[in-house]
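Peer 1: Predicted coordinates and the sequence they were generated for:
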Amino acid sequence: MLLATYVFTLWANIKTPLWGDDYCRIIPPSLTEPFALAWRDYFHWTGRFFATAATYLALEIGRYWSPLLFDVVNGAIFIGLILNVLALAQLAAGLTRTPRLTDVGAIDVAFVTLLLWWLPRDFAEVALWKTGSIGYLWAVTGELWVLRLALADSPEERPWVLLSAFILATILETLSLFITGFLLVWCVLCWQREGKAPWQLATAHALGTIFVLAAPGNFVRAATMPPSPPLDRLIGVIGNLGSLFDPYWIVAALVVAFAYWSSARSVRRAESLWIVLAAGGGWLFAPAALMYIGIVLGVPRAALAARVSLPASVFFVCYLTALFLRRPVSVVRERCLGLILAALLILHCAVVIPHLDRLAQISEEWVNNPQLKMGPRADTMLPLVRVGGKIVYARKDVFFEGLTMNKDYFLNSCFAHAFGVKSVVARP
């Protein structure tokens with residue numbers, strides 16, 4: 001199941017073309033220029049130094065050599081996210097103190113895979129799009145790995161682990177702040193219980209959080225945004241919170257309910273039902289998601305894209321996974337669950353494959369247009385394309401960022417620069 005998931009994710013990454021900001025990060029071949037540009041951005045736009053450098057490097061390689069290397073790595077990181085969710089759910093559910101892959105089955109992997117694709121607001125934007133993957137998928141996967149290390153009986157704190165924790169803390173500011181807070185609280189609890197507290201891991205991560213939050217570029221970027229008073233941010237966060245839940249949650253809840261169906265007699269009493277829903281300690285993921293959303297209140301509303309809520313969605317996925325892993329097991333029910341999830345996976349492919357094929361076709365028609373070969377003085381006109389009636393569309397398995405009718409818009413300018421023409425404008 002893991003192998004099938006990886007193959008499909010690899011195909012989806014290969015199919016996903018460059019969009020929008022990707023073209024702005026394409027630079028001539030160089031080993032040092034990506035880091036020099038990221039250092040410049042650290043003082044003039046964003047504190048995400050390592051993520052920005054990785055984006056420049058990945059797109060530089062992909063443009064002048066092959067994007068396949070990025071696709072292979074990005075697919076593997078998604079598999080890492082699945083494994084991290086399963087491991088943390090096992091720990092929270094109280095099923096084991098040392099999570100092992102052999103403790104879960106193909107049904108569990110399929111369940112988590114579907115949850116991660118369809119419960120977040122815009123999976124394609126954060127896990128397939130090149131720029132979005134590095135900034136969000138890599139951050140969430142890495143931070144969940146840090147949580148696994150901290151919760152282990154003997155926390156790993158070798159130098160390479162501490163350096164990794166520092167770098168991971170510099171990718172996504174809101175999640176970094178949340179994880180640092182958790183690590184510090186966890187260290188205090190371990191100290192009070194006379195257990196081994198991962199102080200070095202927490203310190204390394206906290207230093208990474210300080211590095212990303214204190215970047216001068218953050219303040220420069222904030223100055224370009226419209227004022228966002230507390231009430232304005234609250235309204236934005238409420239809207240963002242609402243985007244975490246949609247009809248796909250009903251399908252997930254029905255699958256979990258079916259997993260417990262044969263034990264209906266044992267959960268008829270209210271107190272028993274609450275014990276089941278608590279999923280051991282799995283219920284803690286729900287307040288963790290809400291606490292993360294609380295941190296998002298510090299983000300100006302203009303920067304509050306739906307992708308910022310990805311960590312909260314993943315925490316809810318962890319809760320549902322903990323609940324699912326504690327299901328009573330019987331041969332008949334497991335076979336039925338397998339058939340249900342197999343049908344959902346087939347439906348998943350039937351929906352995703354045509355969508356990604358269509359997006360790849362749009363990009364192919366643009367980049368192969370003969371006008372883009374007319375030289376640096378050419379003013380080119382490409383077909384105006386909308387997805388879902390919008391120039392920018394991000395929803396579940398679809399992410400699209402199209403060219404506009406304004407040749408001076410930054411995405412048009414980046415596209416024109418990447419193909420060596422004077423200007424690009426889109427017309428119906």
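Peer 2: Received it, and whenever you're ready, just let me know what you need.

Peer 1: In this structure, where's the longest helix?
Peer 2: The longest helix of the chain (DSSP state H) is helix 331-367.

Peer 1: residue contacts, residue 425?
Peer 2: 379-382, 403-407, 412 (C-beta atoms under 8 Å, 6 or more residues apart in numbering). Glycine gets a C-beta too; all of them are placed from N, C-alpha and C.

Peer 1: Read off the pLDDT value for the closest residue to residue 326 other than its chain neighbours.
Peer 2: The shortest distance from residue 326 to any non-neighbouring residue, by C-beta to C-beta, 6 or more residues apart in numbering, is to residue 93 (5.2 Å). Looking at residue 93, its pLDDT reads 92.

Peer 1: Run a quick check on residue 93 versus residue 322, I expect a contact.
Peer 2: Yes - assessed by C-beta atoms under 8 Å, residue 93 is found in contact with residue 322 at 4.1 Å.

Peer 1: who has more neighbours, those two?
Peer 2: More crowded of residue 93 and residue 322, by other C-beta atoms under 10 Å: residue 322, with 27 against 22.

Peer 1: Tell me the helices and strands packed up against the strand or helix carrying that one.
Peer 2: Per DSSP states H and E, residue 322 falls inside helix 310-325. Under the contact definition 3 or more C-beta pairs under 8 Å, 6 or more residues apart in numbering; DSSP states H and E, helix 310-325 sits against helix 68-93, helix 106-118, helix 138-151, helix 173-192, helix 248-259, helix 285-295.

Peer 1: Touching both of residue 93 and residue 322, which residues are there?
Peer 2: Both residue 93 and residue 322 are in contact with 279-282, where contact means C-beta under 8 Å, 6+ apart.

Peer 1: from these, which single one is nearest residue 422?
Peer 2: The closest of the shared contacts of residue 93 and residue 322 to residue 422 turns out to be residue 282 (C-beta to C-beta; 57.0 Å).

Peer 1: hang on, the closest one packs against residue 93?
Peer 2: Yes - under the criterion of C-beta under 8 Å, residue 282 makes contact with residue 93 at 5.0 Å.

Peer 1: who touches both of these two?
Peer 2: Shared contacts of residue 282 and residue 93, defined by C-beta under 8 Å, 6+ apart, comprise 322-323, 326.

Peer 1: domain assignment for the protein?
Peer 2: With automatic domain parsing as the criterion, the domains of the chain are listed as 2-355, 371-427.

Peer 1: Distance to residue 362 added to these, as CSV?
Peer 2: Rendered in CSV, the data for the domains of the chain read as follows (distance: least, C-beta to C-beta, whole Å):
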stretch, distance to residue 362
domain 2-355, 8
domain 371-427, 5
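
Peer 1: circling back to that earlier point, tell me the helix or strand right after the longest helix of the chain.
Peer 2: Defined by DSSP H and E, the subsequent element after helix 331-367 is strand 379-383.

Peer 1: Report the angle between that next one and helix 331-367.
Peer 2: Here strand 379-383 runs at an angle of 140 degrees relative to helix 331-367 (axes from the mean of the first three to the mean of the last three C-alpha atoms, to 10 degrees).

Peer 1: And strand 379-383, what's buried?
Peer 2: 380-382 (16 or more other C-beta atoms under 10 Å).

Peer 1: pLDDT of stretch 160-178, averaged?
Peer 2: Stretch 160-178 carries an average pLDDT of 97.

Peer 1: One more: stretch 128-142?
Peer 2: The model assigns stretch 128-142 a mean pLDDT of 97.

Peer 1: Distance from the chain centre to that stretch, please.
Peer 2: 5 Å (C-alpha atoms, centre = their mean, to the nearest Å).

Peer 1: Could you do stretch 158-166 as well?
Peer 2: 22 Å.

Peer 1: Quick one: residues in contact with it.
Peer 2: Contact with stretch 158-166 is made by 142, 146, 149, 200-201, 204-205, 207-208, 211, as judged by C-beta under 8 Å, 6+ apart.

Peer 1: list the buried ones in the longest helix of the chain?
Peer 2: For helix 331-367, the buried set under the neighbour-count rule, 16+ other C-beta under 10 Å, comprises 333, 337, 340-341, 344-345, 348, 352, 355-356, 359, 362-363, 366.

Peer 1: Counting by contacts, list what it packs against.
Peer 2: Under the contact definition 3+ C-beta pairs under 8 Å, 6+ apart, helix 331-367 sits against helix 2-15, helix 106-118, helix 248-259, strand 379-383, strand 398-401.

Peer 1: Can you spell out which helices and strands pack onto the fourth one?
Peer 2: Using 3+ C-beta pairs under 8 Å, 6+ apart as the contact criterion, the elements in contact with strand 379-383 are helix 331-367, strand 423-427.

Peer 1: Is residue 225 located within a strand, as I assumed?
Peer 2: No - Residue 225 sits outside any strand when classified using DSSP: H, G, I helix; E, B strand; the rest coil, being coil.

Peer 1: In JSON lines: the contacts of residue 425, plus distance to residue 423.
Peer 2: Listed next are the contacts of residue 425 as JSON lines, based on distance: C-beta to C-beta, whole Å:
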{"residue": "379", "distance to residue 423": "5"}
{"residue": "380", "distance to residue 423": "7"}
{"residue": "381", "distance to residue 423": "9"}
{"residue": "382", "distance to residue 423": "11"}
{"residue": "403", "distance to residue 423": "11"}
{"residue": "404", "distance to residue 423": "12"}
{"residue": "405", "distance to residue 423": "12"}
{"residue": "406", "distance to residue 423": "10"}
{"residue": "407", "distance to residue 423": "4"}
{"residue": "412", "distance to residue 423": "7"}
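
Peer 1: Please tell me how far the helix or strand containing residue 274 is from the chain's geometric centre.
Peer 2: With secondary structure defined by DSSP H and E, residue 274 is part of helix 270-278. How far helix 270-278 lies from its chain's middle: 31 Å, per C-alpha atoms, centre = their mean.

Peer 1: which parts of that helix are buried?
Peer 2: Buried positions in helix 270-278, judged by neighbour count with 16+ other C-beta under 10 Å: 276, 278.

Peer 1: Kindly provide the whole-number mean pLDDT of that helix.
Peer 2: 80.

Peer 1: ditto for stretch 41-56
Peer 2: 96.

Peer 1: which parts of that stretch are buried?
Peer 2: Buried residues in stretch 41-56, defined by neighbour count with 16+ other C-beta under 10 Å: 41-42, 45-56.
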